[in-house]
Structure formats: C-alpha cells, structure tokens
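Asker: 3D, please:
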Amino acid sequence: MTRFTNTYQIDRNNEVLTVTPKDLKAFSVFFIRDENIRARCSERFLLDLYVYANTVGLNPSMIFEELRALECTVTKSRTKQETKFSKLPLKGLWHKHFFSFHFIAKNMQIANNRGNIESIIKNAFEKYEGLDSTVENCKALARDISLGNHELFEKRSERNQLTGEWIVFAKVNSENYYMCIEFHETNDQIIYDKVIKSCKENFENLVPIIESYT
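Answerer: Reported below is the predicted structural model:
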C-alpha cells in the first residue's frame, strides 16, 4: 500500500494549512509507535488528526490513548465504550469517543440538561438560606455550586461516560481500521462517503465488505 502521496491545502479560520506527505509520515511515526496499528490508520484519519492538532490545539495523545484502549483490553478508556452504528448508511461501522479539554463544556452541558445542576443549586441556596448576604457568604455559595458542577464531571469520568468527538473505524477479521475523525453533527452520508473514499485510497479490499453492510 502506497502511503502519503498527496499534498493538502486546508482552509481553517481564513488561514491555509499546507500538509505534505513528509508532514504526515513524520507525524504518524512520531505519535503511533506501533507499526501494526499505524498500517491500519487511513491517510484521511491521520490528516484529520494533524489538522485538529495544528489548528485547535487538540493533543494527538488523547486520540492514541483511545486507540490503545481499542487495541488492548488492559488499557482503560475514560470515554464511552465503542459502539456499532445501527442505522444506514453507517450501519456496520463503529465509532469511539475521544476526550479533550475542548469538550469539558459539552460534558457539563449534558450533565446539566439531565437536571443535576438544578439540584446542586437548590441545595446550595438552602444551605445559605437565612444568612446575611455578605461578600463572604456569596463567595461561599458560588464555590459550593462550582464544586458541585465539578463533581458532575468527575462522576461522568468515573463511569466512563465522557463524550467528545468520534473516531470512526471498521472491524474486519478482529482488526480495527481507523478511517476518519468526525463531529457528532456531521451528516451520516458525508461520514460514510469519507469512509468509502478512505478505503478506496488505502484499504481497497475493505470496500466490498463495508458496502455489504448496507
């Protein structure tokens, strides 16, 4: 399989990022020391990761932590267990969340939308009810709410329920083939087309297998 033959011009925030074959090769070798895993990462997957690392500061190690968890049952993931897509057109493919500090706000929003934060605020106000509205008491109230918010995040982490964005991959013959990195809100057909394109470029033998899922 020929790897890293394309040069990409990526437009992000009105700035153009140029990614050469040399860039991708050095990036993949540096961050993925296991050659067996590296051989099952599509060029598109590595390009997605390279772009996120160089435009929004995403730490690639967070993604490779999830890859290690997928490859080895001994390594524990902090995010939700990998899940198979059940609806077309992605049916039969898999996705795994990865976490970064960029997603802390999203995890807190999920916890808060389930009504947990209202209970924390209610308990905090009840605790300070009847006390004078001094600066010290107001600070203490805000601190209790903040600590409660932090506890919500920690509980999601302890339950391996942290959410982030997706590593999209295929499982074939007990091996994972990592296709791309995508956002939850991306249209399913766009993700599927991206996967098929990755297969045609890097894993041509997988095309009929993945197409058979539909």
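
Asker: from here on, just use CA atoms for contacts and neighbour counts.
Answerer: Will do.

Asker: wait, Arg3 touches Glu43, no?
Answerer: Yes: under the criterion of CA atoms under 8 Å, Arg3 makes contact with Glu43 at 7.1 Å.

Asker: give me the common contacts of those two.
Answerer: Residues within reach of Arg3 and of Glu43 at once, by CA atoms under 8 Å, 6 or more residues apart in numbering, are Asn202.

Asker: those two: which is more packed in?
Answerer: Shown here are Arg3 and Glu43; by other CA atoms under 10 Å, Glu43 has more neighbours (26 against 13).

Asker: I figured the more buried one hits Phe203, correct?
Answerer: No: the pair Glu43 / Phe203 is not scored as a contact, 10.3 Å apart, by CA under 8 Å.

Asker: which residues touch stretch 190-208?
Answerer: By CA under 8 Å, 6+ apart, stretch 190-208 touches Met1, Thr2, Arg3, Ser42, Glu43, Arg44, Pro89, Leu90, Met179, Cys180, Glu182, Ile210.

Asker: would you mind giving those residues as JSON lines with secondary structure added?
Answerer: As requested, the contacts of stretch 190-208 are arranged in JSON lines below (DSSP: H, G, I helix; E, B strand; the rest coil):
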{"residue": "Met1", "secondary structure": "coil"}
{"residue": "Thr2", "secondary structure": "coil"}
{"residue": "Arg3", "secondary structure": "coil"}
{"residue": "Ser42", "secondary structure": "coil"}
{"residue": "Glu43", "secondary structure": "helix"}
{"residue": "Arg44", "secondary structure": "helix"}
{"residue": "Pro89", "secondary structure": "coil"}
{"residue": "Leu90", "secondary structure": "coil"}
{"residue": "Met179", "secondary structure": "strand"}
{"residue": "Cys180", "secondary structure": "strand"}
{"residue": "Glu182", "secondary structure": "strand"}
{"residue": "Ile210", "secondary structure": "helix"}
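
Asker: now the buried members of those.
Answerer: With burial judged by 16 or more other CA atoms under 10 Å, the buried subset of the contacts of stretch 190-208 is Ser42, Glu43, Arg44, Pro89, Leu90, Met179, Cys180, Glu182, Ile210.

Asker: pick the one among these closest to Val16.
Answerer: Distance to Val16 across the buried ones among the contacts of stretch 190-208 (CA to CA) is lowest for Arg44, with 17.6 Å.
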